[in-house]
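Enquirer: Give the three-dimensional model of this entry:
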Amino acid sequence: MKKSLLSIFAFGALITGLSEAHAQTNVFDNVIATSPNHTLLEAALVQEGLQTALQDPTASLTVFAPDDNAFNALATALNINIDGLLALPNLNDILLYHVLGVEVPASGVTNGAIVDPLSPTNSLKLTVNGSNVFVNQAQVNAPDLFADNGVVHSTNAVLLPYTTVADIAIGSPDHTTLVAAVIEARLLPALTDPLASLTVFAPTDAAFTAALNALNLTAAELLASPDLSDILLYHVLGEEVLSTDLSNGMLANPLNTTNTLKVTLDVSGVFVNQAQVTIPDLPADNGTVHVLDAVVLPSTTVADVAIGSPAHTTLVAAVIEARLLPALTNPFSSLTVFAPTDAAFTAALNELGLTAAQLLASASLSDILLYHVLGAEVLSTDLSNGMLATPLNSANTLKVTIDGSNVFVNQAQVTAANLPADNGTVHVLDGVVLPNTTVVDVALGSTAHTTLVTALIQEHLLPVLTDPYSQFTVFAPTNTAFNNLATALGTDLNGILALPNLTDVLTYHVVGQQVLSTQLVEGPVATVNGTNIFIFLDGSVVVVNDANVTAADLASDNGVVHVLDKVLLPSFASIEDNGTLNVSVYPNPAVNELMIDGASDVVYTLVDMTGRKVAGGQLMNGKITIENINSGTYMLNLQTESGMQTLQVVKQ
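Expert: Sure thing, here's the model as predicted:
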């Protein structure tokens, strides 16, 4: 009997031991409560009466367990102590936001998974980055602490069920590409940080489609790009900036600091670089989201070249004021900017009698600036002498002159070329070019003056005549006039263009002021060449040297053009006293005879304007018969033993 009792007791002890050996463990009692690093989590769970749920042997749970350091950091961030943290009215929701109703070991976590915790206030966003696992912004610092009713993953931060900027994008049907890119770039931890203050400029799916087309990429190639993170972080500011905080010309520093974001405000809306904000101020607990209609890229643009130059502050201010930053910051464009320096603007303002403020307020500001921009990238090696380029302001062309190593655009010289940008190139100018119609444009627009234009280009005279701050009178020989000169000289147009004094001939047709036909008076007029031309008036007929004005007062913004039927030659045009005789010639103009007074024993030579001798010999009876020579202007050379004289005479 005693042995039987002993056997019974032994069996009972065995049963008890076996029961204790097979008692189920749970995530609260056997993981959290036994951890020296999770005492604050344990206290919070007990206070909220949630330990029972975590002890449920029938449950299957995943607990993301913030350690004590995480709770202390949250208290500091909220500027409260631990007691204040435990007194938060939504503490229950916060704690349940850390618990999933299914067991998910670390090996079961997939990047970008969005899962629903026991608190329905928000989802949890999971990120796997190499060997690192994140839940929202919190990193798992000790994974896979198993119990029979689930698993615990220790984290270094407390999760808060806030609506974040990431949630705004995730909840939008128009931002699926952005969300996929954020997930692929492992940026969910940054954007789900409930204690951050962020501004996200969020391109739509249509914006990404347009960008991919422009870059000739597929969505898969974009997601695989090593630049993906940089592109996305270029869309994020590290502070909350509402639309009311934005100002025109504001330069904002995004989380990708390789470049700034340029803000433009105009009547049509708000732009960030080239992208327009279509929906502003979508609120989140950790910032705000502005929807964009385009993807912005951290490329160095032609605008950045100017912004980074201390010599282009006026140009930058003008571009900002004219609301042209969106055009110049477009990373998908190809542009050439001719960039006047501050000194160039100062000179232009002085010429125009304007202040900088008046320029910035001018209704013509945008037109002036766009006249400095080509819609294609044109390097200095792509330029050619006489090239006519059409800028974005197509009201006029830009005229390129290459004279040796010197390059001019209209009247302005290129002082620094080929400053590279990702969307084009910048050439620095020492002058501001204006889209004014110049005397050159009058000639360019005339089919009767192609030879004159060719000669002006060849002799590099476009910079002079395109100067918008000067005034000129151009006497413009027609193509026929040049052809006639070629015939008289026994050559052709190539021979005319090869004349060694062609520049002198051309500048002899230019007066350095505007003189309308109604302002012409008889007599000598100084030319740019330095030699005089001579005006003869006969009623409504105007004769310049021996050339007739066939069309007068063709107007431009920098002067006037009068059309001639002959080419003027400076070497035979002076009527100034260049000798030692003191004679008079009359009548002049003459029809049949020239009378010479004041000298005897005179030998004369009469030459036409091409230098060809038409008459000559010993002066008889003080007169020269000219009835048999053609009408025109001639040079009369008189010589005696005591001196000589050269005079211009006109045969009518």
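
Enquirer: need the strands for the stretch 151-300 of the chain, in chain order.
Expert: Counting by DSSP state E, counting those that start in this stretch, the stretch 151-300 of the chain has strands at residues 198-203, 236-237, 251-252, 261-266, 269-272, 275-284, 287-292.

Enquirer: buried stuff in stretch 524-536?
Expert: Neighbour-count burial for stretch 524-536, counted by 16 or more other Cβ atoms under 10 Å, picks out 525, 527, 528, 529, 531, 532, 533, 534, 535, 536. From N, CA and C alone the C-beta is placed, and that goes for glycine too.

Enquirer: In strands, which of the residues you listed appear?
Expert: Per DSSP state E, strands hold the following members of these: 525, 532, 533, 534, 535, 536.

Enquirer: sorry, back to before: put together JSON lines for the strands of the stretch 151-300 of the chain, with mean pLDDT, distance to residue 54 and mean neighbour count on each row.
Expert: Output for the strands of the stretch 151-300 of the chain, formatted as JSON lines (pLDDT from 0 to 100; distance: least, Cβ to Cβ, whole Å; neighbours: other Cβ atoms under 10 Å):
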{"stretch": "strand 198-203", "mean pLDDT": "98", "distance to residue 54": "33", "mean neighbour count": "24"}
{"stretch": "strand 236-237", "mean pLDDT": "98", "distance to residue 54": "37", "mean neighbour count": "20"}
{"stretch": "strand 251-252", "mean pLDDT": "98", "distance to residue 54": "46", "mean neighbour count": "14"}
{"stretch": "strand 261-266", "mean pLDDT": "98", "distance to residue 54": "46", "mean neighbour count": "21"}
{"stretch": "strand 269-272", "mean pLDDT": "98", "distance to residue 54": "47", "mean neighbour count": "20"}
{"stretch": "strand 275-284", "mean pLDDT": "98", "distance to residue 54": "31", "mean neighbour count": "17"}
{"stretch": "strand 287-292", "mean pLDDT": "98", "distance to residue 54": "33", "mean neighbour count": "24"}
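
Enquirer: Turn those strands into TSV, columns for distance to residue 144.
Expert: Shown next, in TSV, are the strands of the stretch 151-300 of the chain (distance: least, Cβ to Cβ, whole Å):
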stretch	distance to residue 144
strand 198-203	32
strand 236-237	33
strand 251-252	43
strand 261-266	42
strand 269-272	44
strand 275-284	32
strand 287-292	33
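
Enquirer: Out of those, flag the one nearest residue 623.
Expert: Across these, residue 623 has its closest neighbour in strand 261-266 (78.9 Å, Cβ to Cβ).

Enquirer: mind listing what residue 32 touches?
Expert: By Cβ atoms under 8 Å, 6 or more residues apart in numbering, the contact list for residue 32 reads 38, 41, 42, 45, 54, 63, 65, 152.

Enquirer: quick one: the strands in the stretch 1-150 of the chain?
Expert: 61-66, 99-100, 114-115, 124-129, 132-135, 138-147, 150-155.

Enquirer: residues making contact with the fourth one?
Expert: Meaning strand 124-129. Residues contacting strand 124-129 (Cβ under 8 Å, 6+ apart): 64, 97, 100, 109-117, 133-136, 159, 166, 170, 183, 186, 188-189, 192.

Enquirer: ok, the buried residues of stretch 524-536 vs residue 407, which is closest?
Expert: Nearest to residue 407 among the buried residues of stretch 524-536, with distances taken as Cβ to Cβ, is residue 528, at 22.3 Å.

Enquirer: Now do residue 130 against residue 192, distance only.
Expert: Separation of residue 130 from residue 192 (Cβ to Cβ, to the nearest Å): 19 Å.

Enquirer: higher neighbour count, the two?
Expert: Between residue 130 and residue 192, counted using other Cβ atoms under 10 Å, the more crowded position is residue 192 (28 against 6).

Enquirer: Would you point out the most distant pair within the ones in strands among the buried residues of stretch 524-536?
Expert: 532 and 536 (12.9 Å).

Enquirer: coming back round to it: would you mind saying which of the strands of the stretch 1-150 of the chain lies nearest residue 260?
Expert: Comparing the strands of the stretch 1-150 of the chain under Cβ to Cβ, the one sitting nearest is strand 124-129, at 27.8 Å.

Enquirer: Buried residues, the closest one. List them.
Expert: Residues 124, 125, 126, 127, 128 are the ones in strand 124-129 that count as buried (16+ other Cβ under 10 Å).

Enquirer: Out of these, name the two that are farthest from one another.
Expert: Greatest spatial distance among the buried residues of strand 124-129 (Cβ to Cβ): 124 and 128, at 13.4 Å.

Enquirer: For the residue nearest to residue 177 when sequence neighbours are not counted, grab the count of nearby residues.
Expert: Distances taken as Cβ to Cβ, 6 or more residues apart in numbering place residue 208 nearest to residue 177, at 4.1 Å, with adjacent residues excluded. Residue 208 sits with 20 neighbouring residues when counted by other Cβ under 10 Å.

Enquirer: residues touching residue 208, list them.
Expert: By Cβ under 8 Å, 6+ apart, residue 208 lies in contact with 177, 178, 181, 219, 222, 295.

Enquirer: hmm, try it at 10 Å
Expert: By Cβ atoms under 10 Å, 6 or more residues apart in numbering, residue 208 lies in contact with 175, 176, 177, 178, 180, 181, 219, 222, 294, 295.
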